[in-house]
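Quick check, what structure comes out for this input:
(chains A and B)
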Amino acid sequence: SAVISQKPSRDICQRGTSLTIQCQVDSQVTMMFWYRQQPGQSLTLIATANQGSEATYESGFVIDKFPISRPNLTFSTLTVSNMSPEDSSIYLCSVEDRGSSYEQYFGPGTRLTVT
Amino acid sequence: DAKTTQPPSMDCAEGRAANLPCNHSTISGNEYVYWYRQIHSQGPQYIIHGLKNNETNEMASLIITEDRKSSTLILPHATLRDTAVYYCIVRVFFNKFYFGSGTKLNVKP
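As a prediction, this is how the structure comes out:
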């Protein structure tokens, strides 16, 4: 199974600023996913990030607010832009393991608090 | 949108089997059912998945009804460490996962 790390593990940010979250995986993967988990809620898919192409965003999420980069097969970043308190959430990345029937492996998450 | 519905919570006595149900009545013929669990807001952990047949691994068993409209995750001997939120997910096009609200399993001594 893939081992995924995220940086930072947590942060407290001021309203109006931006934070970039990094996701690093220990093997090459084609598809990476970004999720948001608001307090007490389930996970919501933000976007799918394939290497070499633009990220595909889910309904309700836009590139201006959540720009994503995918420069290679082991790394991706998600930026939360112009933050407001409503952006306070845990942000998780996951990778798809095509060698194991497409199950996804999740990173530990980044806990973001916006004040 | 999530294609699954689960009870919000369940209790189970330690050492007993925990049976967690999931309805996925709109599942398509080639869509797999996956189960994950999340402990204390950590990243979700993969448990098991299946298409039509029942599946078993070292963690759990997955029973899928013949019409594939529902499934049950079975933890054969629940321990306190199995207390978590369990998510039943139908993997849809482009291999996306849409999480439902999950079941909070409380394992009690």
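
Quick check: residues of chain A near chain B?
Chain A comes close to chain B at residues A:1, A:4, A:31, A:33, A:35, A:37, A:42-45, A:48, A:56, A:90, A:92, A:94, A:96, A:101-109, A:111, as judged by C-beta under 8 Å from any C-beta of the partner chain. Quick note: C-beta positions are derived from backbone N, CA and C, even for glycine.

Tell me which of those residues fall in strands.
Judged by DSSP state E, the subset of the residues of chain A next to chain B located in strands is A:4, A:31, A:33, A:35, A:37, A:43-45, A:48, A:56, A:90, A:92, A:94, A:96, A:103-106, A:111.

picking that back up, what subset of the residues of chain A next to chain B is buried?
Neighbour-count burial (16 or more other C-beta atoms under 10 Å in any protein chain shown) applied to the residues of chain A next to chain B gives A:4, A:31, A:33, A:35, A:37, A:42-45, A:48, A:90, A:92, A:94, A:96, A:103-107, A:109, A:111.

What is the neighbour count of whatever residue of chain B ends up closest to chain A?
Taking C-beta to the nearest C-beta, chain A has its nearest neighbour within chain B at residue B:43, 3.4 Å off. Using other C-beta atoms under 10 Å in any protein chain shown, residue B:43 has 22 neighbouring residues.

Test my guess that it contacts residue A:92.
Yes. Contact between residue B:43 and residue A:92 holds when scored by C-beta atoms under 8 Å: they sit 5.7 Å apart.

Overlap in contacts, these two.
Counting by C-beta atoms under 8 Å, 6 or more residues apart in numbering or on different chains, the shared contacts of residue B:43 and residue A:92 are A:106-109.

wait, which of the residues you listed is closest to residue A:69?
Residue A:69 lies nearest to residue A:107 out of the shared contacts of residue B:43 and residue A:92, by C-beta to C-beta, at 15.9 Å.

Report the spatially closest residue to that closest one, excluding sequence-adjacent ones.
Nearest non-adjacent residue to residue A:107, counting by C-beta to C-beta, 6 or more residues apart in numbering or on different chains: residue A:4, 3.9 Å away.

so where do the helices sit in chain B?
Ranges of helices within chain B: none, based on DSSP state H.

what does it put close to chain A?
Checking chain B against chain A by C-beta under 8 Å from any C-beta, the hits are B:2, B:32, B:34, B:41-46, B:49, B:87, B:91, B:94-102.

Got the confidence number for the closest residue to residue B:22 other than its chain neighbours?
Leaving out its chain neighbours, the residue that sits closest to residue B:22 by C-beta to C-beta, 6+ apart is residue B:88, at 3.4 Å. pLDDT for residue B:88: 96.

if I pick residue B:88, what's in contact with it?
B:4, B:6, B:20, B:22, B:24, B:33-35, B:71, B:73, B:100, B:102-103.

Nearest to residue B:56, out of those residues: which one, please.
The closest of the contacts of residue B:88 to residue B:56 turns out to be residue B:73 (C-beta to C-beta; 11.1 Å).

pLDDT added to the shared contacts of residue B:43 and residue A:92, as TSV?
Shown next, in TSV, are the shared contacts of residue B:43 and residue A:92 (pLDDT from 0 to 100):
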residue	pLDDT
A:106	96
A:107	96
A:108	96
A:109	97
